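Enquirer: task: produce atomic coordinates for the following.
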Amino acid sequence: MAKKKRVVIDDPRAIRALAHPARQRVIDELFNGKVLTATECAELAGLTPSAMSYHLRALERWGIVERAEESADGRERPWRAAAGSLMISSQSNEAGRLASQAIIRSSVDRVLEQFEQMAGDDPWDDISSLSRSRLWLTHEEAKQFGQELIDLVDRYKKGRTPASHPAGTRQISTLLAVVPMGKPPQES
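Expert: Have a look, this model is predicted:
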């Protein structure tokens with residue numbers, strides 16, 4: 001079965017379903033190409049397999065994860081991401097905004113942890129970077145800018161997974177954010 005290119009979550013209830021730290025840890029692994037059983041997910045998240053099964057079924061209801069092909073012994077069916085990438089896109093109401101902010105906070109914290117975990121003598125340290133800019137863009141330019149960032153990441157993904165990537169590659173974590181600041185301009 002061919003997976004969709006992207007799952008877009010815009011329902012505040014679905015975003016809240018993502019906000020649980022255990023779910024985020026598992027989503028991160030599944031959307032990076034891993035196929036894991038509930039037991040393996042539980043180990044990653046520090047939960048029991050039965051508690052993790054509950055979380056996986058909740059994520060399945062929102063179309064975020066899905067069952068993969070059965071394992072060879074048939075006792076435990078693995079889970080996989082429902083698409084190649086996941087996008088959170090809800091700012092339409094207060095509940096959506098709060099849920100999105102919880103996801104964003106967790107994502108930023110995870111990237112900070114990754115910077116902190118990098119060894120001081122890591123030979124790839126020269127590519128570590130964080131860039132923050134302020135741009136003056138129209139609404140349409142901002143939409144185009146965001147889409148171009150997504151397209152750039154997609155171009156570099158090239159279908160590579162933990163199980164299938166060229167020799168000499170290393171997993172690189174990225175975090176892209178486009179945030180309008182201040183009050184919106186008055187329409188003329």
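Enquirer: tell me where the protein has strands.
Expert: Shown for the chain, the strands assigned by DSSP state E span residues 4-9, 65-67, 79-81, 83-88.
Enquirer: adding distance to residue 134, mean pLDDT and mean neighbour count, write the ones you listed out as TSV.
Expert: Glycine gets a C-beta too; all of them are placed from N, C-alpha and C. Output for these, formatted as TSV (distance: least, C-beta to C-beta, whole Å; pLDDT from 0 to 100; neighbours: other C-beta atoms under 10 Å):
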stretch	distance to residue 134	mean pLDDT	mean neighbour count
strand 4-9	27	80	15
strand 65-67	36	93	18
strand 79-81	33	93	23
strand 83-88	22	82	16
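Enquirer: these: which one's closest to residue 35?
Expert: strand 79-81 (4.6 Å; C-beta to C-beta).
Enquirer: ok, and the closest non-adjacent residue to residue 67?
Expert: Leaving aside its sequence neighbours, residue 67 sits nearest to residue 77 (C-beta to C-beta, 6 or more residues apart in numbering; 5.3 Å).
Enquirer: what count of nearby residues applies to the one you found?
Expert: Using other C-beta atoms under 10 Å, residue 77 is surrounded by 12 other residues.
Enquirer: ok, now which ones touch it?
Expert: 37, 67, 68, 69, 70, 71 (C-beta atoms under 8 Å, 6 or more residues apart in numbering).
Enquirer: quick one: the helix ranked longest in the chain to strand 83-88, angle?
Expert: Criterion DSSP state H: the longest helix present in the chain is helix 94-117. Between the axes of helix 94-117 and strand 83-88, defined by axes from the mean of the first three to the mean of the last three C-alpha atoms, to 10 degrees, the angle is 120 degrees.
Enquirer: what residues does helix 94-117 touch?
Expert: So helix 94-117 is contacted by 10-13, 15-16, 18-19, 21, 24, 28, 88, 90-91, 128, 130, 173, 175, 177 (C-beta under 8 Å, 6+ apart).
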